[in-house]
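**Student:** have a look; sequence and predicted model below, questions after that.
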Amino acid sequence: MPDGTPALRLTLIGGMKEVPAADWDACATGAGDDNPFLAHAFLSALEESGSATPEAGWGPRHVLAHDDSGRLVGAVPLYVKGHSFGEYVFDWAWAEAYERAGGEYYPKLLAGVPFTPVTGPRLLMRGDAASPALRTALARGLAEVGRQLDVSSLHVNFCHKDEWDELANAGFLKREGQQYHWENRGYETFDDFLATLSSRKRKNIRKEREAVRESGLTVQTLNGAAIEPRHWDAFYRFYEDTAGRKWGQAYLTRAFFDLLGARMADRVVLVMAFNGRKPVAGALNLIGDGALYGRNWGAIEHHPFLHFEACYYRAIDFAIERGLARVEAGAGGRHKIARGYLPAATYSAHWIKDSNFRQAIARYLTAERNQVAHEREALGEHGPFRKDNGSVAAADDAAAPNSQARDEDDF
């Protein structure tokens, strides 16, 4: 092309079964980001299990990009959405406003991973073909897909910042959010981590962990072959109970967890709590390249501080043991700050077809980005860590150690 971007042939497919796993994974890991949620095994498990299907409002329309020789050099996980459930970047108000004005917001397109608020690449590029020019071509091609399918909008959720900037150049609007992440500063033990906290926070975490130990519960951290079908049976009961109270139904089917265990057990960390021999709570995590991703939590019995132990402290233990750089504990929850999980920026990009609606959304997003950045800066200053000068950071009331997190599917 005259501007130097490579010529690509873009095609849309109706599911992961239409692309060889090796070819897809070569693109998913091409930038050196081995994100488990972008693996062919994970995405195909969502589809084959009936979790992400047209009937569920998630119609796979994945983008494949081939070069002049016919080789797959890029891809985008893309879905036709009939609703906005399971996305974690909320646009319900946009849909309502668009439809009040006489438009049809759905169907729309979403580039991302269903039910998964985890940052990762969205413009996937094969390693030996990856380049800024190819990323530019994919971003422009994605906008063209939105135009050709004549949808109201196309949303790219939880992308990398460089992709965020590139998508903006292709006509997407920029949106910013935040999550709470724990960073491993070279700790060798959990006590090493505790030593970096203020005295009050350190004591509170020790008390919380001791309360769980004294409760009579047994908490196990399981990985790989140690995860048996009975563990998945129990965890799905927890998941169904929590999902039923939160949404009215579970997004993920029981079959999905069987497929996940069969295909990716080595990348799964399942924390299970037992009251005697009875399993009563569990937290599901996946291992990435340098990170542990907390995903789902559920419980059928309430025990003080068990949520914190299963979701946050056991994840820190595992990350330290494996030398992982961080733990991403999912969306929401200021209570995470007091436990060492600090605010981190997340990014999404949004293509809007209607020019007038686009202008209104652009004004809203400018104000929202300023608010989110200000909040993240303020929250970051109220973390539990000791300051370099020996003073101690205070924690705001929302992160008070005795506040109990809601039992939510997402951490």
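**Tutor:** Received, thanks.
**Student:** what about residue 128, neighbour count?
**Tutor:** Neighbour count of residue 128, defined by other Cβ atoms under 10 Å: 9. Backbone N, C-alpha and C define where each C-beta goes, glycine included.
**Student:** ok, now residue 249?
**Tutor:** Residues lying near residue 249 (other Cβ under 10 Å) number 10.
**Student:** kindly report the same for residue 359.
**Tutor:** Residues near residue 359, counting by other Cβ under 10 Å, number 12.
**Student:** per-residue pLDDT of it, please?
**Tutor:** For residue 359, the pLDDT comes out at 98.
**Student:** and it, what does it touch?
**Tutor:** Under the criterion of Cβ atoms under 8 Å, 6 or more residues apart in numbering, residue 359 has no neighbours.
**Student:** how close does it sit to residue 285?
**Tutor:** 41 Å (Cβ to Cβ, to the nearest Å).
**Student:** okay, now residue 226: neighbour count?
**Tutor:** That count, for residue 226 with other Cβ under 10 Å as the rule, works out to 12.
**Student:** residue 28 is in contact with residue 130, correct?
**Tutor:** No. The criterion here is Cβ atoms under 8 Å, and residue 130 misses it with residue 28 at 11.7 Å.
**Student:** looking only at neighbour counts, state which of the two leads.
**Tutor:** Set side by side, residue 130 and residue 28 show more neighbours around residue 28, with 26 against 19, by other Cβ under 10 Å.
**Student:** which residue sits closest to that one, ignoring its sequence neighbours?
**Tutor:** Leaving aside its chain neighbours, residue 28 sits nearest to residue 38 (4.2 Å; criterion: Cβ to Cβ, 6 or more residues apart in numbering).
**Student:** need phi/psi at the one you found.
**Tutor:** Backbone geometry at residue 38, expressed as degrees, to the nearest 10, gives phi -100, psi 0.
**Student:** right, and it touches residue 120 too?
**Tutor:** Yes. Counting by Cβ under 8 Å, residue 38 touches residue 120, with 5.6 Å between them.
**Student:** which residues does residue 261 contact?
**Tutor:** Going by Cβ under 8 Å, 6+ apart, residue 261 touches 227, 229, 232, 268.
**Student:** next, the contact list for the second one, please.
**Tutor:** Spelled out, that is residue 229. The contact partners of residue 229, by Cβ under 8 Å, 6+ apart, come to 258, 261.
**Student:** which residue ranges of the stretch 301-411 of the chain form strands?
**Tutor:** Per DSSP state E, counting those that start in this stretch, the stretch 301-411 of the chain carries strands over the ranges 326-328, 342-352.
**Student:** so which of these is nearest residue 276?
**Tutor:** Proximity to residue 276 (Cβ to Cβ) singles out strand 326-328 among the strands of the stretch 301-411 of the chain, at 29.3 Å.
**Student:** now the element after the one helix or strand in the chain whose mean pLDDT sits lowest, going C-ward?
**Tutor:** When the helices and strands of the chain are scored by mean pLDDT, DSSP states H and E, helix 229-246 comes last with a mean of 89. Using DSSP states H and E, the next helix or strand after helix 229-246 towards the C-terminus is helix 254-264.
**Student:** what's the following helix or strand after that next one?
**Tutor:** Beyond helix 254-264 on the C-terminal side, the first helix or strand identified by DSSP H and E is strand 268-275.
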